[in-house]
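Student: predicted model, plus sequence, below.
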Amino acid sequence: MIDKLVLLGATGDLAGRYLLPALAELHAAGGLPGGFELAGAARDALDDDSFRQAAGAELAEHAADVPVAARDALVRSMRYRPVDLEDAESVARAVHGDGNGGRSDGGGRGGGRRPVAVYLALPSGLFAPTVRTLGTVGLAPGSRIALEKPFGEDLESARALNALLARAGEEAGEHVAFRVDHFLGMASVQNLLGLRLANRALAAAWNSEHIEQVEIVWEETLALEGRAAYYDRAGQLKDMVQNHLLQVLCLVAMEPPAALRARDLRDRKLDVLRAVRPMSPADAVARTRRARYTAGRIGDRQVPAYVDEDGVDPARATETCAEVALELDNERWAGTRFVVRTAKAMGRDRMEVVVRFRPVAGAPFASSPAPAPNELRVGLGELDDHVTLVLTGGAAGTPPRPAPLALTAPPPPCALPAYSRVLLDILGGESTLSVRGDEAEQAWRIVTPVLEAWADGSVPLQEYPAGSAGPPPPARRA
C-alpha cells in the first residue's frame, strides 16, 4: 500500500472540505498504512506549522465527528512545500522531499524511490501542465496520479490529457492514472449493483420489456456557493452530467460483469457509453433542456439571481439546470428512455434513480383509474438516502379499486464516506472506483452535440426562481 500522498492544491476548498476529512475518517478506521505521510503543496507561502494549523482548523469544521485523536494524528503526519506546478525542481521537492522535514524519496529518476500517490486537487486547466511536469520529474513504479473532474474541457482535450498520462505512466506503470469520480465511492450508488444483480425479482425484469423509463436525478438546494471561477465556465452539463450522472447511468444499464473487478466493471460501463445513441442537431433540440435560476428564497435565505452572483459573466449563458433524454441502442434497452436531470437552487434536495416499470397488460380495473406504474426509487447520497418500491394494492370495495402501496427501507449501513473509499482505492493500487480513459472520452462524445446545440442558441435558456421546482415541464417531446 502506498504510504505517501502528495496533495497538490492542499490549501484549496476540495482539500479542506472533502479530502482532509476523508483521510481523517480513514485514519480513525485504521485504513491508513503505518508511517503514512501527507505532503501538502500549493502556491501559498506556508511552512509546516502554519499548514498544520490551517488543516487542523478545516478538520475541526468539516470532520467534527471524527475522534480528535485521529484528527491530531493525521495533522502530525503532514508537511508542506510551496510549489510552482510548471517548475520541475519545485514539483520534485514537493513530490520526493528535500530532506528538510519529512522523508526524502531520493533524487533523480528510477530505482531507489518509493511509490507515491499524487492527487491533483486543482482547477482542471492546470491538469495538463502538471501531468507534463510530473512526467519530467519521474515517478517510481507503482505510483498513482489522481485527477478530479472534469477530465478535460471537451473530447479533444480529454484525448490529449489521456496521452499525457500514458507518457507519464511509461515509468510509473500503466495504472498510474486514477480519474476520480467520487460518485462511484458512494454506498448508495454501489447499492444499485447489489439491488439489480442479487435479486431475482429485479434481475429478471431489468430490461426494456419491463422498464419504460429510468430517471437519474440530482437536484439540490445549494446555489453557486462561491464557485463562480470554476462553475461559470463549466455549467451543470459539464459539472454533473458528463461525469457523475453518466457513471450512474452505466451502473443502472450495464450487463452483469463476470466479476466485480476493475477491468470487468469498466469494460461493461464502456459498453453502455458506446451504446448511447448519437444525437443529431434535431435530437439535441427535441431531447434536451437548459435553464438558470433567478432570484428567490430557499428556506430562510434569499438567493440572488445566478447572473447577479459574484464572478458570473451573464454573457456566457451558463446553465444551472440541465436535462438530457438518452436512448441506448442495444438488445437489453432498446425502447427504454433514460432521462438525466440535474439542477441547482431548487426548493428541495432530490437525488435519486427512479426506475419506472411498464403497466400490467389487461389489469382488471376497467371501471377505476388505471393503476400507477410500479417504481423502484433509489436515493443517492446522504441527503436523500432511501430504497422505495412503489407497488399497487387493492383498496376494499365492490369492485376493489387499485391503491398505491409504497415499501421504504434505509440502505445498508456504510462504514466510510465516498472520498474515503476513493482514497483507499488510490493508496491500495486499485482502480475499481476510477474512470478509465476510454470511458471519459465516450462521455464527452455523448454530450458534445448537446454542448454545440446550446452554444449556438438552438435550445433556449429557460429560467426558474430559486427555491422553486425548476423550469416548467416541457411539451411532449419526440
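Tutor: That came through, no problem. Numbers count the residues shown, from 1 in each chain.

Student: for R301, list each beta-bridge partner.
Tutor: Beta-bridge pairing of R301 under DSSP bridges involves I298.

Student: what about it, how many residues close to it?
Tutor: Applying other Cβ atoms under 10 Å, we find 11 other residues in the vicinity of R301. In this view, the C-beta of every residue, glycine as well, is placed from N, C-alpha and C.

Student: same question for the one 4 residues further on.
Tutor: Applying other Cβ under 10 Å, we find 18 other residues in the vicinity of A305.

Student: tell me the contacts of it?
Tutor: Shown in contact with A305 (Cβ atoms under 8 Å, 6 or more residues apart in numbering): Y293, T294, A295, A466.

Student: kindly recompute the last result at 10 Å.
Tutor: Neighbouring residues of A305 by Cβ atoms under 10 Å, 6 or more residues apart in numbering: A223, R292, Y293, T294, A295, G296, V312, P314, A345, E463, P465, A466.

Student: and those residues, which is closest to S124?
Tutor: V312 (18.5 Å; Cβ to Cβ).

Student: on the three-state scheme, that closest one is what?
Tutor: Secondary structure state of V312, per DSSP: H, G, I helix; E, B strand; the rest coil, is coil.

Student: and it, how many neighbours?
Tutor: By other Cβ under 10 Å, neighbour count at V312 equals 18.

Student: that older thread, the contacts of A305, buried ones only, as a PyMOL selection?
Tutor: Buried residues among those (16 or more other Cβ atoms under 10 Å), as a PyMOL selection:
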select buried, resi 223+292+293+294+296+312+345+465+466
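
Student: any chance of TSV for the contacts of A305, columns distance to I211 and pLDDT?
Tutor: What follows is the contacts of A305, written out as TSV (distance: Cβ to Cβ, whole Å; pLDDT from 0 to 100):
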residue	distance to I211	pLDDT
A223	34	95
R292	32	97
Y293	32	98
T294	36	98
A295	39	98
G296	35	98
V312	39	95
P314	41	94
A345	31	97
E463	33	97
P465	34	98
A466	34	98
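
Student: what's the span of stretch 319-333, first residue to last?
Tutor: 29 Å (Cα to Cα, to the nearest Å).

Student: in that stretch, which residues are buried?
Tutor: Neighbour counts over stretch 319-333 (16+ other Cβ under 10 Å) mark E319, T320, C321, A322, E323, V324, A325, L326, E327, L328, R332, W333 as buried.

Student: output those residues in a markdown table, with secondary structure and distance to H62 appended to each entry.
Tutor: Output for the buried residues of stretch 319-333, formatted as a markdown table (DSSP: H, G, I helix; E, B strand; the rest coil; distance: Cβ to Cβ, whole Å):
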| residue | secondary structure | distance to H62 |
| --- | --- | --- |
| E319 | coil | 29 |
| T320 | coil | 25 |
| C321 | strand | 28 |
| A322 | strand | 28 |
| E323 | strand | 32 |
| V324 | strand | 32 |
| A325 | strand | 37 |
| L326 | strand | 35 |
| E327 | strand | 41 |
| L328 | strand | 39 |
| R332 | coil | 41 |
| W333 | coil | 40 |
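
Student: sorry, back to before: in strands, which of the contacts of A305 fall?
Tutor: Using DSSP state E, the members of the contacts of A305 that fall in strands are R292, Y293, T294, G296, E463, P465.

Student: thought C321 was touching the last one, still the case?
Tutor: No - if you go by Cβ atoms under 10 Å, P465 and C321 don't touch, sitting 11.8 Å apart.

Student: list the contacts of A42.
Tutor: A42 makes contact with 7-12, 15, 51, 80-83, 85, 94, 121-122, according to Cβ under 10 Å, 6+ apart.

Student: gap between it and A228?
Tutor: With distances taken as Cβ to Cβ, to the nearest Å, A42 is found 20 Å from A228.

Student: quick one: low-confidence ranges for the stretch 301-450 of the chain?
Tutor: Applying pLDDT under 70 to the stretch 301-450 of the chain flags residues 362-370, 396, 398.

Student: now the helices for it?
Tutor: In the stretch 301-450 of the chain, the helices defined using DSSP state H, counting those that start in this stretch lie at 418-427, 437-455.

Student: single out the most deeply packed of the ones you listed.
Tutor: Ranked by mean neighbour count under mean count of other Cβ atoms under 10 Å, the helices of the stretch 301-450 of the chain are led by helix 418-427, which reaches a mean of 24.

Student: which other helices and strands contact it?
Tutor: strand 4-8, helix 20-28, strand 117-120, strand 144-147, strand 177-180, helix 187-197, strand 434-435 (3 or more Cβ pairs under 10 Å, 6 or more residues apart in numbering; DSSP states H and E).

Student: elements contacting the second one?
Tutor: Contact analysis of helix 20-28 by 3+ Cβ pairs under 10 Å, 6+ apart lists strand 4-8, strand 37-42, helix 48-62, helix 68-76, helix 418-427 as its packing neighbours.

Student: in JSON lines, list these along with distance to Q236.
Tutor: Supplementary listing: the helices and strands packed on helix 20-28 in JSON lines, determined by distance: least, Cβ to Cβ, whole Å:
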{"stretch": "strand 4-8", "distance to Q236": "27"}
{"stretch": "strand 37-42", "distance to Q236": "28"}
{"stretch": "helix 48-62", "distance to Q236": "24"}
{"stretch": "helix 68-76", "distance to Q236": "34"}
{"stretch": "helix 418-427", "distance to Q236": "20"}
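
Student: most packed of the ones you listed?
Tutor: Ranked by mean neighbour count, these are led by strand 4-8 with a mean of 26 (mean count of other Cβ under 10 Å).

Student: send me it as PDB with only the CA atoms.
Tutor: Provided in PDB are the C-alpha atoms of strand 4-8 (Å, rounded to 0.1, in the frame of the first residue of the first chain):
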ATOM      1  CA  LYS A   4       2.800   8.800   1.000                       C
ATOM      2  CA  LEU A   5       0.100  11.100  -0.500                       C
ATOM      3  CA  VAL A   6       1.200  14.300  -2.200                       C
ATOM      4  CA  LEU A   7      -1.700  16.700  -2.300                       C
ATOM      5  CA  LEU A   8      -1.300  19.400  -4.900                       C
END
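
Student: identify the residues contacting the residue lying closest to D154 once chain neighbours are set aside.
Tutor: Closest residue to D154 apart from its sequence neighbours, by Cβ to Cβ, 6 or more residues apart in numbering: W444 at 6.1 Å. Each residue near W444 by Cβ under 10 Å, 6+ apart is listed here: 150-159, 238, 242-243, 246, 451.

Student: let me know the closest of these to C414.
Tutor: N243 (21.6 Å).

Student: how many neighbours does the closest residue to that closest one other than its chain neighbours have?
Tutor: Among residues not flanking N243 along the chain, K149 sits closest, at 4.4 Å (Cβ to Cβ, 6+ apart). Neighbour count of K149, defined by other Cβ under 10 Å: 22.

Student: hmm, L184 and K149 touching each other?
Tutor: No - between K149 and L184 there is no contact under Cβ under 10 Å: 11.2 Å.

Student: which neighbours do the two share?
Tutor: H244, Q247, V435.

Student: which one (most neighbours) among these?
Tutor: Going by other Cβ under 10 Å, V435 tops the shared contacts of K149 and L184 with 25 neighbours.

Student: wait, doesn't Y80 sit right on D49?
Tutor: Yes - the criterion here is Cβ under 10 Å, and Y80 meets it with D49 at 8.8 Å.

Student: pull stretch 445-452 out as CSV, backbone CA atoms only.
Tutor: The C-alpha trace of stretch 445-452 is given here as CSV (Å, rounded to 0.1, in the frame of the first residue of the first chain):
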residue,chain,number,x,y,z
ARG,A,445,-18.7,12.1,-27.2
ILE,A,446,-22.2,11.8,-25.8
VAL,A,447,-22.5,15.4,-24.5
THR,A,448,-20.7,17.2,-27.4
PRO,A,449,-23.8,17.5,-29.7
VAL,A,450,-25.7,18.9,-26.7
LEU,A,451,-23.0,21.5,-25.9
GLU,A,452,-22.9,22.5,-29.6
